[in-house]
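Asks: Sequence plus the predicted model coming up.
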Number of protein chains: 2
Amino acid sequence: MPRKRRASSFDVARLAGVSRTTVSLVLNNAPHAHISEETRRRVWEAARKLQYFPHAAARSLVEGRTRTVALVWHRGPDVNYRDVFLPGLLQGLASALHAQGYSLLFRPIEPQEPDDVVLELALGGYADGLIISGPKAEDPVLAELVRREVPVVLHGQVPGLALPYVDVDNVAGAKRAVSHLLRLGHRRIAIITNARPEYVSARQRLEGYRLALREAGITPLPQWIQYGDFDEASGRKAMQALLEVQPRPTAVFVASDLVALGALYALWEAGVRVPQDMAVVGFDDLPLAAYTIPPLTTVRVPAWDLGFAAGQLMLHRLQGRPAVSQRLPIELVVRASCGSGSNTP
Amino acid sequence: MPRKRRASSFDVARLAGVSRTTVSLVLNNAPHAHISEETRRRVWEAARKLQYFPHAAARSLVEGRTRTVALVWHRGPDVNYRDVFLPGLLQGLASALHAQGYSLLFRPIEPQEPDDVVLELALGGYADGLIISGPKAEDPVLAELVRREVPVVLHGQVPGLALPYVDVDNVAGAKRAVSHLLRLGHRRIAIITNARPEYVSARQRLEGYRLALREAGITPLPQWIQYGDFDEASGRKAMQALLEVQPRPTAVFVASDLVALGALYALWEAGVRVPQDMAVVGFDDLPLAAYTIPPLTTVRVPAWDLGFAAGQLMLHRLQGRPAVSQRLPIELVVRASCGSGSNTP
DNA sequence: TGATTTTGGTAACAGGTGTTACCTATCCCG
DNA sequence: CGGGATAGGTAACACCTGTTACCAAAATCA
């Protein structure tokens, strides 16, 4: 006959023949408790037999914390783009949290949802801290969270906000990609950004592009700079525009793999060979990048590591240790689309 | 000066000049409570002013439920494959849950983690119910969960288990894809499965393939049947094998878009034109399918809808309503790789 | 021996909420 | 005017845990 009710610490105490206090002391390894080995053994045995797990709500009520961290996932115009990173980010985050016994609450926020819902996560005792992905500078909720001293870690930077964040080093990544093209001998190098210039990451990647060219003594023509908008369609359109530029650039740095996919498609449509007639480098290293035609040279964004770093940052913050923002290093993955590197995945 | 402590219902009561009980009755819209309009107004006003949210732990302690559902995400050999669906699934699930005031806990399980961790989610009061993705038939945890009467909904079927599940109609989807190729005049149609035959979904999609051919009076040659293994590399290899078959098939149904990506790559390497020399149809409709070269005709798997359905199933189960398994319908998305349909995304 | 420490353990409280049983006016109706 | 119903509201309990303060007995020390 199945036991339907869960076991409480009282049940464990009774089975072990001790008080409930003793059960708690033993199971939590209380440091200053004097309990005989024999008693400890009996308590553990009873807990195991009853499959006892402390009730999360009761524990969090008495401890004043939930041992839970929420990932606040803003849905915006860049939905499909950011969704690609969600699995890696989530699992890295969960990995960091679980290592310390914390749980992970996932909270997507639709654009029309009221501000309260984010506040409720913290003030309603659903989570001890909030990891906020896709934050916006003008968001009044962020200010309110700061005012209420809610522990917050941002995924993605917000200029002018003193909140700790994790992000990839966009400038260095873009510079690395463009430097690679320069080293291969290209001089007319265009860029298609990942997003419109309102976005911090787009500006940073553009800056990396400029930096690399400046070091090589090259001043980019205005027509070389095209703006993507997260998706493949925007990349296709931007590339079509670039193909009209005279003299035609010999290489393009596309600051997003999804946008690059559209760009590759436009080149295929136009019968322009990659990399012979046009070299292409992407950004993100999505799994699909290894199997585009031709395989895409790209800058790796370590989604899992970002999640893990965000989790660690939050744990530090919750434990009163110093929490310093992290800008993770990048790495160039060389494949065939740039003209160096192997032609097979 | 920032208020650091959160407001409790007691604070609201004091500000509104009523008792704590009245606050609770008003805020929860208790059906049989006689409270004057004026008092209600004062309570709501006070709650708003104090930004009061009921403490989740206290509430769940007294109500005996958490209003939380956990998604148990098993990491297995098909990691990359299933990860692609995670964002859609999660957001559909969250959408269904939030509509009823439920929260979503995300719990990835690494292969080496002990069985307890899943049990703890339910018995430790972390969640009222478990949505289990990537379940295995022989998993002893599933049996234990059933024994303890823990509400469970499976994402993906497990033969021989009487648990409610949500899944896509694999047989019908595969049949639809192959029928489309038949209608275009193909007779020598091969298949590359999404996974090895141990996997239920692989067997079901293969069955759909056979069904469609049988209806057309065609008996597939054994060499037409190749097994993929979730990733692009397996698709490339399988396609290379198919290219050796004489007479060469004129069309392939690849039961996974990722595997199809590898297959397209192999065709490109071999200089075989798609769709002129070989028609290709995929399965999943990943976002990238619209931008492969050429764009991939494929069977759409509605990840968001699956998540939403799983959420609703769970809510029904938790509310004592009948919870019946769902096999969601599929839809063929016609693009260029099959030879009918437009050549542009 | 008497005083002090150590060992092994427990009683009792706090934490915030939902709900039940109960209470007191006021109103309605015969 | 009496009695019952109703409106408006409250005191008190239960939910389960971690922790503090405390106690009794045994061991140690002066």
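Replies: That came through fine. Numbering: from 1, shown residues only, chains lettered A, B, ... in the order given.

Asks: what's the domain layout of chain A?
Replies: A:9-54, A:68-168+A:304-328, A:170-301 (automatic domain parsing).

Asks: Which among the ones you listed is found nearest to residue B:231?
Replies: domain A:170-301 (8.7 Å; Cβ to Cβ). Every residue, glycine included, has its C-beta placed from N, CA and C.

Asks: Between the two ends of that closest one, how far is it?
Replies: End-to-end distance for domain A:170-301, by Cα to Cα, to the nearest Å: 9 Å.

Asks: So what sits opposite residue A:252 in the bridge?
Replies: With DSSP bridges applied, residue A:252 shows beta-bridge pairing to residue A:190, residue A:280.

Asks: isn't it right up against residue A:263?
Replies: Yes - between residue A:252 and residue A:263 there is a contact under Cβ atoms under 8 Å: 6.6 Å.

Asks: what do these two both touch?
Replies: Residues touching both residue A:252 and residue A:263 (Cβ atoms under 8 Å, 6 or more residues apart in numbering or on different chains) are A:192, A:239, A:280.

Asks: List just the nearest of these to residue B:332.
Replies: Distances from residue B:332 to the shared contacts of residue A:252 and residue A:263, taken by Cβ to Cβ, are shortest for residue A:239, at 29.4 Å.

Asks: show me where the stretch 51-200 of chain A has helices.
Replies: A:56-63, A:79-83, A:86-98, A:116-123, A:140-147, A:170-183, A:200-215 (DSSP state H, counting those that start in this stretch).

Asks: for those helices, which one sits closest to residue A:258?
Replies: Closest of those to residue A:258 is helix A:79-83, at 6.0 Å (criterion: Cβ to Cβ).

Asks: While we're on whichever residue of the stretch 201-345 of chain A sits closest to DNA strand D, how confident is the model there?
Replies: DNA strand D sits closest to residue A:319 of the stretch 201-345 of chain A, with a gap of 14.2 Å, by Cβ to the nearest atom of the strand. Here, the pLDDT recorded for residue A:319 equals 93.

Asks: just the domains of chain A: most buried one?
Replies: domain A:170-301 (a mean of 21; mean count of other Cβ atoms under 10 Å in any protein chain shown).

Asks: For that domain, what is the distance to the chain centroid?
Replies: Relative to its chain's centre, domain A:170-301 lies at 22 Å (Cα atoms, centre = their mean, to the nearest Å).

Asks: related to what we said a few turns ago, could you provide the domains of chain A in TSV, with additional columns for distance to residue B:85?
Replies: Formatted as TSV, those follow (distance: least, Cβ to Cβ, whole Å):
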stretch	distance to residue B:85
domain A:9-54	30
domain A:68-168+A:304-328	9
domain A:170-301	13
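
Asks: Quick one: closest of the ones you listed to residue B:137.
Replies: Distance to residue B:137, taken as Cβ to Cβ, is lowest for domain A:9-54 among those, at 22.9 Å.

Asks: Can you give the distance of the least confident helix or strand in chain A by mean pLDDT from its chain's centre?
Replies: Least confident element among the helices and strands of chain A, by mean pLDDT, DSSP states H and E: helix A:79-83 (a mean of 82). Mean C-alpha position of helix A:79-83 versus that of the full chain (Cα atoms, centre = their mean) differs by 11 Å.

Asks: does any part of that helix sit near chain B?
Replies: Yes - using Cβ under 8 Å from any Cβ of the partner chain, helix A:79-83 comes into contact with chain B via A:80, A:83.

Asks: now do stretch A:15-33
Replies: No - using Cβ under 8 Å from any Cβ, stretch A:15-33 stays clear of chain B, with a minimum separation of 12.3 Å.

Asks: The closest residue to DNA strand D within the stretch 151-300 of chain A: what's it in contact with?
Replies: Nearest residue of the stretch 151-300 of chain A to DNA strand D (Cβ to the nearest atom of the strand) works out as residue A:151 at 19.7 Å. By Cβ under 8 Å, 6+ apart, the contact set of residue A:151 is A:128, A:129, A:130, A:314, A:317, A:318.

Asks: my read: the third one touches residue A:123, true?
Replies: No - taking contacts as Cβ under 8 Å, residue A:130 lies outside contact range of residue A:123: 11.0 Å.

Asks: Quickly list what's touching both of those two.
Replies: Contacts common to residue A:130 and residue A:123, judged by Cβ under 8 Å, 6+ apart, are residue A:150.

Asks: that older thread, reformat the helices of the stretch 51-200 of chain A as JSON lines; add distance to DNA strand C.
Replies: Formatted as JSON lines, those follow (distance: least, Cβ to the nearest atom of the strand, whole Å):
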{"stretch": "helix A:56-63", "distance to DNA strand C": "4"}
{"stretch": "helix A:79-83", "distance to DNA strand C": "34"}
{"stretch": "helix A:86-98", "distance to DNA strand C": "23"}
{"stretch": "helix A:116-123", "distance to DNA strand C": "10"}
{"stretch": "helix A:140-147", "distance to DNA strand C": "19"}
{"stretch": "helix A:170-183", "distance to DNA strand C": "42"}
{"stretch": "helix A:200-215", "distance to DNA strand C": "38"}
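
Asks: pLDDT below threshold where in chain A?
Replies: A:1-4, A:341-345 (pLDDT under 70).

Asks: 50 - rerun?
Replies: Applying pLDDT under 50 to chain A flags the ranges A:1-3.

Asks: Where does it get nearest to DNA strand C, residue-wise?
Replies: Nearest residue of chain A to DNA strand C: residue A:19, at 3.0 Å (Cβ to the nearest atom of the strand).

Asks: in chain A, which spans are strands?
Replies: Counting by DSSP state E, chain A has strands at residues A:68-74, A:103-109, A:129-133, A:152-155, A:165-168, A:189-192, A:225-226, A:251-254, A:279-284, A:297-300, A:326-328, A:331-333.
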